[in-house]
Every structure is written in C-alpha cells, then in structure tokens.
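# okay, predicted coordinates and the sequence, questions at the end:
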Amino acid sequence: MKLYNLKDPNEKVNFSQAVKLGLGHNQGLFFPKNLPKITPNMLKELLEMNFIERSSKILELFIGDEISKNDLFNKVKAAFSFYKPIMKPITKKISCFELFHGPTLAFKDFGARFMAQILSFLNQHENKLITILTATSGDTGAAVAHAFYKMKNVKVIILYPKNKISKLQEKMFCTLGHNIKTIAIEGSFDECQTLVKMAFDDQNLKIHTGLNSANSINISRLLAQICYYFEAFSLIENKYQKNLIISVPCGNFGNLTAGLLAKSIGLPIKSFIAATNANDTVPNFLKTGVWKPKKTISTISNAMDISQPNNWLRVEEIFKRNNWNIQQLNYGSVTDIITKQSLKELFSLNYISEPHASIAYTLLKNNIKNNEYGIFLGTAHPAKFKQTVDDILQQDIPLPTSLKKRVHLKLLSYHMKPNFSKLRSFLLGD
Ligand SMILES: Cc1ncc(COP(=O)(O)O)c(C=O)c1O
Ligand SMILES: N[C@@H](CCOP(=O)(O)O)C(=O)O
C-alpha cells in the first residue's frame, strides 16, 4: 500500500515505512494513496466469514502487497485473540456494539495489539531499540502498554494528563513497570499530544531513541479498527442493513476515521454520527465552518476530553476523496448533565453503560429516523469508570478480574510539567 503525507504530499511511503515512521514530515499524517474497493459479491462472502478470517481478508486488501496472506492471518489471529465484539440490543431499533472485551477493557485493544504484532514482525531482523511515545486520555495508554509489555527492544513512554483520567484507568497502565514508563503531565491531553508531535520534529531525538508512536497517528492502528465495523454489520438483521446508522463517541476521531474508511471501501453504512462531549471543536466547525479549538474542558467522559482532534484531517480527506458532502456527517455535543441522564435512561432499559457510550446513545436516540436501525459504539467497560457510574446509578458495579488484580498495585508514574526539553532529557535518559 502506498501512502502519502497529508501535509506534504511529496513524502511518499509504503505501509511498512509508515508503520515504522509513525508520523511524517511537518507533523503530517500518512494516508493511503488509493483505497481498495469491495464489490457487493465480495462483501457477501466477507460477511459469511468469522471475525478473524474476515479481518485478515480486509487487511489483505490494504497491505497484502507487503505482508503475505499467511503472515497477516497469523498476526491478526494473535492480535485479536480475545473475546470478539458483542452486539447488545437496547431497544427494538437500537443496539450497543460492545468493543471492550479485550485485555484492557476498551476498543483500543484491537488497534494497539495489531500495531504491536505488525511492528515486531517488520522489525524481526533488526536489533535496534524502538521508543514508543504515546499520549493518552485514559484508554490508549493501557492498550498500548499491555500490547508492548516486555517486548524485546521496545521501550514505551506514556504521557497522560495528571488527575484527569479515572483512577482505574490509571491503575491499568501505570502499575506495569519493566519496559513501560508512564508520566503524569501537569496539563491536558492536548498538551500531551503536542509533546509527542514535537518529539517527531526533533531529528536527533528521533534517531537516538528510534522514535515511534502508538497513537492513532500510526496508520496501523486505524486499519485494524476498520475490521470491527464489518463485524457490526454482519450482526445486524438483513432487513436493517440498508438503513444502518452508527453513532461514534469521538475524541481524537480515530474510531470515526476507521468507520468512514470501512464505508469508503464498500461497507454500506448509511451514515455516522460524530458524538462529542463539551470539547466540541468539530461540532462547532461543522456548524460554523470555523476551526477554533478552545481550552480543553474536563468532563465525566474524560477519554474524550480532546480539543484538537488529531484525525480530523483524515476525516476531511475521506469526504473529499469520495465526493461526499461533509454536511452529511451528523454530529452533536453532549453536556455532563445530559450524559448522566442518559446513563440513567440506559439503566432503566436494563443496560449498564458508561459516560462515553452514553453520549453516543443520546445523539443516536435524538437523530434516528423511523426507517433506520442504530448502533452506538460501546468503547469502554463501565467498570473503568466505576466511581462515576456507581455515583450516578447508585450501584456497586463489580470489577472484572483484569482490573481487580491491579487495584492495589502501586502507581509507578513520573511527574512532569508540559515542557518539551524536560521530556527530551527523560527520553534520552539524561
Ligand atoms: C472510552 C472511549 N470512548 C471514545 C474515545 C474516542 O475515540 P477516538 O479518539 O478514536 O475518537 C476514546 C478515546 O480514544 C475512549 O477511550
Ligand atoms: N481517547 C484516547 C486518546 C488518544 O487517542 P488515539 O486514538 O490517538 O490513541 C485515549 O484513550 O487515550
């Protein structure tokens, strides 16, 4: 697969280079030059396959020219070897597609584990140190830490906004040690993401550390996430497939990008809803045409507390390529008060959710038309936000084993101001 840098189209790379580089010149994201196309017949065949087989076939369409069919199947199998997503009906016309049954209880496990498999495969004959510098608002960090844990020649450094992620999210990735180092930054997620991007501008640092990122900056993360949209589609009754609307809780807009890529290559999803919390840069942009990120606001859906969503340029590129009108993208932002009400409403429908998915549910419920079937994405396990969910629902939700075993472990994080030269010294081990 050939890709180019969205900010500097002269920078052209293949998939292996894009995965190893992470980010292009001038902080530009890589994007595929051509997108594969799935015919209706191919789609029919794909939908009859199991999750692993189908995912491997889809990824083959993108990167089969660089990684053999067999190798790709084995990597996909290793990456996705946990409980597959589950479709939970909520009402007659609405379901939650739960993507949080992986080792770190969030949808990020698919992309992070696939990237780890692919990167180690591509580097199997090299003996160089790689530093994976990643910013997180709560869930990417855990997925990346667990995917790369104890991997040979790989050092992982995770930056997160101090006191702005849930206690249990923090326990999930700041207690591992070994090759995983975590830094609580006195600032917002956006500041953490800026630090990561600044590191890529520093050629010396890049060379000395073998810098890469496992944020959705890295295209391998997004390719993996395309696969579960096909799974969602396969689980919907035929009569609803023509009128399927998917509501995506958005922060860095990687998940929506993956969904739009699935639609671009031929998965006939009727439309998407981009659902945000009070960090509403995209909803405002779609309303006014003005891109004006505000200071990041802390909300109860903390993993979506992002005011400069990294993937927006990729979303715009997809619309441009397909000659779709960006105004066809449904959108909305939801306050904490409404998020709490919607969590209670879901509970009254016998479903325990969490703030991120509840935002997607609210906007789906408000936008869905009579002839449509709606899915909202369940992006994290409610237990990751136990304190918030318990307070709102007056419940005591149980912790899954993967969280229970980390609750009493000591946090190993370093602390730092959002200062690039301090981070630079840390990365160089000064
Ligand atoms: C639980 C949860 N929901 C939604 C999102 C937003 O996803 P994205 O950054 O892909 O837009 C995140 C962060 O990635 C998350 O952790
Ligand atoms: N919400 C994310 C933010 C980082 O997003 P990414 O998809 O670019 O890794 C998180 O949970 O960390």
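Looks like it came in fine. Ligands and ions are numbered 1, 2, ... in the order given.
# next, find the distance separating residue 3 from ligand 2.
Here residue 3 is placed at a distance of 17 Å from ligand 2 (C-beta to the nearest ligand atom, to the nearest Å). For glycine as for every other residue, the C-beta is placed from the backbone atoms N, C-alpha and C.
# what's the neighbour count on that residue?
Around residue 3 there are 23 other residues, counting by other C-beta atoms under 10 Å.
# just checking, residue 12 touches residue 1?
No. Residue 12 lies out of contact with residue 1 (C-beta atoms under 8 Å); the separation is 11.3 Å.
# overlap in contacts of these two?
residue 33 (C-beta atoms under 8 Å, 6 or more residues apart in numbering).
# contacting residues around the residue of the stretch 101-250 of the chain found nearest ligand 1?
Closest residue of the stretch 101-250 of the chain to ligand 1, C-beta to the nearest ligand atom: residue 139 (3.3 Å). Going by C-beta under 8 Å, 6+ apart, residue 139 touches 104, 106, 107, 108, 169, 303, 379, 380, 384.
# one more time with 6 Å, if that's ok
Going by C-beta atoms under 6 Å, 6 or more residues apart in numbering, residue 139 touches 106, 108, 303, 380.
# top of those by number of neighbours, please.
Neighbour-wise, the contacts of residue 139 (other C-beta under 10 Å) top out at residue 108, 31 neighbours.
# thinking again about what came up before, so between residue 12 and residue 1, which is more surrounded?
A direct count of neighbours by other C-beta under 10 Å for residue 12 and residue 1 places residue 1 higher, at 22 against 15.
# could you check how far that one is from residue 232?
24 Å (C-beta to C-beta, to the nearest Å).
# can you check which strand is longest in this structure?
Longest strand in the chain, counting residues (DSSP state E): strand 154-161.
# buried residues, the following helix or strand past that strand. List them.
Sequence-wise, the next helix or strand downstream of strand 154-161 (DSSP states H and E) is helix 167-173. Neighbour-count burial for helix 167-173 flags 168, 169, 170, 171, 172, 173 (criterion: 16 or more other C-beta atoms under 10 Å).
# ok, the closest residue to residue 295 other than its chain neighbours - how many residues close by?
Excluding the flanking residues, the one nearest residue 295 by C-beta to C-beta, 6 or more residues apart in numbering is residue 307, at 7.0 Å. Residues near residue 307, counting by other C-beta under 10 Å, number 20.
# how much space between residue 307 and ligand 2?
Separation of residue 307 from ligand 2 (C-beta to the nearest ligand atom) stands at 12 Å.
# try residue 292
For residue 292 relative to ligand 2 (C-beta to the nearest ligand atom), the value is 21 Å.
# sec struct for that residue, please.
coil (DSSP: H, G, I helix; E, B strand; the rest coil).
# burial check on it, number of neighbours?
Neighbour number of residue 292 under other C-beta under 10 Å is 9.
# with residue 323 instead?
Using other C-beta under 10 Å, residue 323 has 6 other residues around it.
# quick one: it is in a strand?
No. The assignment for residue 323, made by three-state DSSP, is coil rather than a strand.
# quick one: pLDDT of it?
You'll see residue 323 listed with a pLDDT of 97.
# distance of it from ligand 2?
As defined by C-beta to the nearest ligand atom, residue 323 lies at a distance of 27 Å from ligand 2.
# could I get the contacting residues of residue 145?
Applying C-beta under 6 Å, 6+ apart, we find residue 145 in contact with 156, 173, 176, 180.
# please render those as TSV that adds distance to ligand 1 and pLDDT to the earlier fields.
TSV is the format used below for these (distance: C-beta to the nearest ligand atom, whole Å; pLDDT from 0 to 100):
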residue	distance to ligand 1	pLDDT
156	17	98
173	12	98
176	18	98
180	18	98
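# contact partners for the residue nearest to residue 295?
With contact set as C-beta under 6 Å, 6+ apart, residue 307 has these partners: 190, 279, 281, 293, 294, 296.
# kindly indicate which of the residues you listed lies nearest residue 319.
Closest approach between these and residue 319, by C-beta to C-beta: residue 281, at 16.8 Å.
# so that closest one touches residue 293, yeah?
Yes. At 4.6 Å, residue 281 and residue 293 qualify as touching, with contact defined as C-beta atoms under 6 Å.
# the two - which one has more neighbours?
residue 281 (22 against 16).
# how near is the more buried one to residue 331?
Taking C-beta to C-beta, one finds residue 281 at 11 Å from residue 331.
# and the stretch 251-400 of the chain, which of its residues are near ligand 1?
When proximity is defined by C-beta under 6 Å from any ligand atom, the stretch 251-400 of the chain lies next to ligand 1 at 251, 252, 253, 254, 255, 303, 304, 356, 379, 380.
# read off the pLDDT value for the residue nearest to the first one when sequence neighbours are not counted.
Looking back up the chat, that one is residue 251. Leaving aside its sequence neighbours, residue 251 sits nearest to residue 304 (C-beta to C-beta, 6+ apart; 3.8 Å). For residue 304, the model assigns a pLDDT of 98.
# equivalent analysis for the one 3 residues further on, please.
In the prediction, the pLDDT value recorded for residue 307 is 98.
# just the element for it, please.
Going by DSSP H and E, residue 307 is not in any helix or strand.
# where along the stretch 51-200 of the chain do the strands fall?
Taking DSSP state E, counting those that start in this stretch, the strands of the stretch 51-200 of the chain run over residues 86-89, 94-98, 130-135, 154-161, 180-185.
# can you add distance to ligand 2 and mean neighbour count and give the ones you listed back as a markdown table?
Formatted as a markdown table, those follow (distance: least, C-beta to the nearest ligand atom, whole Å; neighbours: other C-beta atoms under 10 Å):
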| stretch | distance to ligand 2 | mean neighbour count |
| --- | --- | --- |
| strand 86-89 | 20 | 14 |
| strand 94-98 | 17 | 22 |
| strand 130-135 | 6 | 26 |
| strand 154-161 | 8 | 24 |
| strand 180-185 | 12 | 22 |
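# now for residue 190: which residues touch it?
Residue 190 makes contact with 296, 307, 308 under the criterion C-beta under 6 Å, 6+ apart.
# ok, now residue 39?
If a contact means C-beta under 6 Å, 6+ apart, then residue 39 has no contacts.
# all numbers from here: first residue = 45
Sounds good: first residue 45 from here, last item residue 83.
# where's it relative to ligand 1, distance?
For residue 83, the distance to ligand 1 - C-beta to the nearest ligand atom - is 29 Å.
# show me which residues of the strand or helix carrying residue 251 are buried.
Element membership for residue 251 (DSSP H and E) is helix 247-253. Buried residues in helix 247-253, counted by 16+ other C-beta under 10 Å: 249, 250, 253.
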